[in-house]
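>>> build the 3D model from these lines:
(one chain, ligands or ions: 1)
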Amino acid sequence: MIKKIGVLTSGGDCAGLNAAVRAIVYRAIEAYGWDVYGITNGTTGLINRPLQYTKLTREMCDSAMLRSGGTRLGTTNKANPFAFPTAEGPVDRSQDFIDGYRELGLDALIGIGGDGSLDILKRLADKGDFKLVAIPKTIDNDLGLTENAIGYSTAVEVAMEALDHLQPTAASHQRVMVLEVMGRDAGHIAMAAGIAGGADVILVPEISYRIDTICAKIRSLAETQGRNFALVIVAEAVKDEHGEPVIVSQKWERIRYGGVGHYIGDKIAERIGADVRVTSLGHIQRGGQPNALDRIIASAFGVHAVDLIAQGKTDRMVAWQNRRVVDVPITDAIQGYQALSLDDVLVLTARGLGICLGDQ
Ligand code: F6P
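I've put the predicted structure just below:
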């Protein structure tokens, strides 16, 4: 008998998280009369003592929440309970989380996260034998078995708009504009935004490139179209010419990418003497208001997640497939990690448009 459920957001934030929480609150209260507790700052809210949480009401979740960016519950991507960071090094605090779940008297938990967070939540649920339903969110869109994760669509739109802003100034100054975008090890954001924003060159980690090929493309724009500006979009995990990742830092195995836009820009400037400027979009892709698609997907996911708990169907992740909300085993979604495949419709479309992907 379910009476009380918890919800937490975990990992990097993105647009649409609040819309999902709002949908959970509405569905749980209106359809089933349950209490909903929002856990503060991802898993840390149940690890810390006193416990950190808020009882969520419909009044708190009005439409301002639907349209707001970030996550009102707070989140973290640095507090793995199995290796919790302390001054003395990582410590296993998974039992504290499980004890916190019991202390709060929860009957089930909805975890909204990407592959890393969902893996951790699944391990916690297995260890603590509690009911878990997962909702996929990640601007990287790399979770398996779902065509869309919350946050991806907005991130693509932001990157596309950046190209919209860069194009006129590129044309005015006859420059090559390089835009570096996020996506971790997958090139989904770069490929989608590159097509939507009219990029001439799209570089993704799944396709190896040659600087000569990129430069030949930029030169050919002048020769064949009389055009002396170009737009290049680069995914953050694209490696340098020696196959090394371009990173800002690395702490406890977690790499922070950053700088490949400047690397590619410098190479283009050196090789063909172009006037190059580089923009790194960074966290602008994660904040801001969710677009319509993210609000819709988040709402549909929230409703379905609550219904799954009501049906006693847990250890499932809600997913978007062929414009339907379905559910899949959490493990299968994590293990089905999806990079950009070479026969993806976006890759074929880019090639069909004559966009240079760096390889030919
Ligand atoms: O996974 C989402 C993401 O935004 C990646 O695209 C990016 O590499 C990373 O998180 C940035 O993490 P942080 O917010 O810790 O800098």
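
>>> element containing the closest residue to Phe130 other than its chain neighbours?
Distances taken as Cβ to Cβ, 6 or more residues apart in numbering place Tyr101 nearest to Phe130, at 5.7 Å, with adjacent residues excluded. Using the backbone N, CA and C atoms, a C-beta is placed for each residue, glycine as well. For Tyr101, the enclosing helix or strand under DSSP states H and E is helix 94-104.

>>> dump the next helix or strand after that helix to CSV, restricted to CA.
Note on helix 94-104: by DSSP H and E, the next helix or strand toward the C-terminus is strand 108-113. Provided in CSV are the C-alpha atoms of strand 108-113 (Å, rounded to 0.1, in the frame of the first residue of the first chain):
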residue,chain,number,x,y,z
ALA,A,108,8.8,4.3,-3.2
LEU,A,109,11.3,6.7,-4.8
ILE,A,110,11.4,8.4,-8.2
GLY,A,111,14.9,9.2,-9.3
ILE,A,112,15.4,11.7,-12.1
GLY,A,113,18.9,11.3,-13.5
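
>>> and the helices in this protein, which stretches?
Remark: helices assigned in the chain by DSSP state H are 17-32, 44-47, 63-66, 94-104, 115-128, 152-173, 188-196, 211-225, 260-272, 292-310, 330-335, 345-352.

>>> out of those helices, which is the most enclosed?
helix 188-196 (a mean of 26; mean count of other Cβ atoms under 10 Å).

>>> for the record, mean pLDDT for it?
The average of the pLDDT scores along helix 188-196 is 98.

>>> identify the residues contacting that helix?
139-142, 152, 155-157, 159-160, 162-163, 181-183, 199, 202-204, 233-235, 285, 340, 344, 346-347, 349-350, 353, 355 (Cβ atoms under 8 Å, 6 or more residues apart in numbering).

>>> try 7 Å
Under the criterion Cβ atoms under 7 Å, 6 or more residues apart in numbering, residues 139-142, 152, 155-156, 159-160, 163, 181-183, 202-204, 233-235, 340, 346-347, 349-350, 355 lie in contact with helix 188-196.

>>> distance check, the residue in the stretch 51-200 of the chain that the ligand sits nearest to against Thr154.
In the stretch 51-200 of the chain, the residue that lies nearest the ligand is Met182 (3.3 Å; Cβ to the nearest ligand atom). As defined by Cβ to Cβ, to the nearest Å, Met182 lies at a distance of 12 Å from Thr154.

>>> write out the residues of the chain neighbouring the ligand.
12, 77, 114, 138-140, 182-184, 236, 256-257, 286 (Cβ under 6 Å from any ligand atom).

>>> just the buried ones out of the residues you listed, please.
Gly12, Gly114, Thr138, Ile139, Asp140, Met182, Gly183, Arg184, Glu236, Tyr257, Arg286 (16 or more other Cβ atoms under 10 Å).

>>> which residues does the third one contact?
I take that to be Thr138. Cys14, Gly114, Ala149, Gly151, Tyr152.

>>> care to break the chain down by domain?
Following automatic domain parsing, one finds the domains of the chain at 4-150+290-321, 153-286+341-352.

>>> now the ones you listed as a markdown table including distance to Gln335?
As requested, the domains of the chain are exported to a markdown table (distance: least, Cβ to Cβ, whole Å):
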| stretch | distance to Gln335 |
| --- | --- |
| domain 4-150+290-321 | 7 |
| domain 153-286+341-352 | 15 |
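
>>> quick check: Lys289 touching Gly16?
No, residue 289 isn't Lys; it's Gln. No. Here Gln289 lies out of contact with Gly16, judged by Cβ atoms under 7 Å, at a distance of 9.4 Å.

>>> between the two, which one's more packed in?
Taking neighbours as other Cβ atoms under 10 Å, Gln289 and Gly16 compare with Gly16 leading, 33 against 13.

>>> if I look at that one, how far off is Gln225?
Gly16 is 38 Å from Gln225, by Cβ to Cβ.

>>> also Val318?
Distance from Val318 to Gln225, by Cβ to Cβ: 46 Å.

>>> ok, now which ones touch Thr9?
Leu17, Gly42, Thr71, Leu73, Thr75, Ile112.

>>> follow-up on the earlier one: got a markdown table for the contacts of Thr138, with pLDDT too?
Shown next, in a markdown table, are these (pLDDT from 0 to 100):
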| residue | pLDDT |
| --- | --- |
| Cys14 | 98 |
| Gly114 | 97 |
| Ala149 | 98 |
| Gly151 | 98 |
| Tyr152 | 98 |
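
>>> so of those residues, which two are at opposite extremes in space?
Pairwise distances across these peak at 10.4 Å for Gly114 and Tyr152 (criterion: Cβ to Cβ).

>>> you'd agree Lys4 is up against Leu109?
No. Taking Cβ under 7 Å as the definition, Lys4 is not a contact partner of Leu109, at 10.3 Å.

>>> pick out whichever of those two has more residues nearby.
Legend: neighbour count by other Cβ under 10 Å for Lys4 and Leu109, higher for Leu109 (25 against 15).

>>> let me see the contact set for the more buried one.
Ile5, Gly6, Tyr101, Phe130, Lys131, Leu132.

>>> for it, name its beta-bridge partners.
Gly6, Leu132 (DSSP bridges).

>>> ok, it to Ala350 distance?
40 Å.

>>> which non-adjacent residue is nearest the residue of the stretch 1-150 of the chain found nearest the ligand?
Closest residue of the stretch 1-150 of the chain to the ligand, Cβ to the nearest ligand atom: Gly12 (3.9 Å). Once flanking residues are discounted, Gly12 sits nearest to Asn77: 5.2 Å by Cβ to Cβ, 6+ apart.
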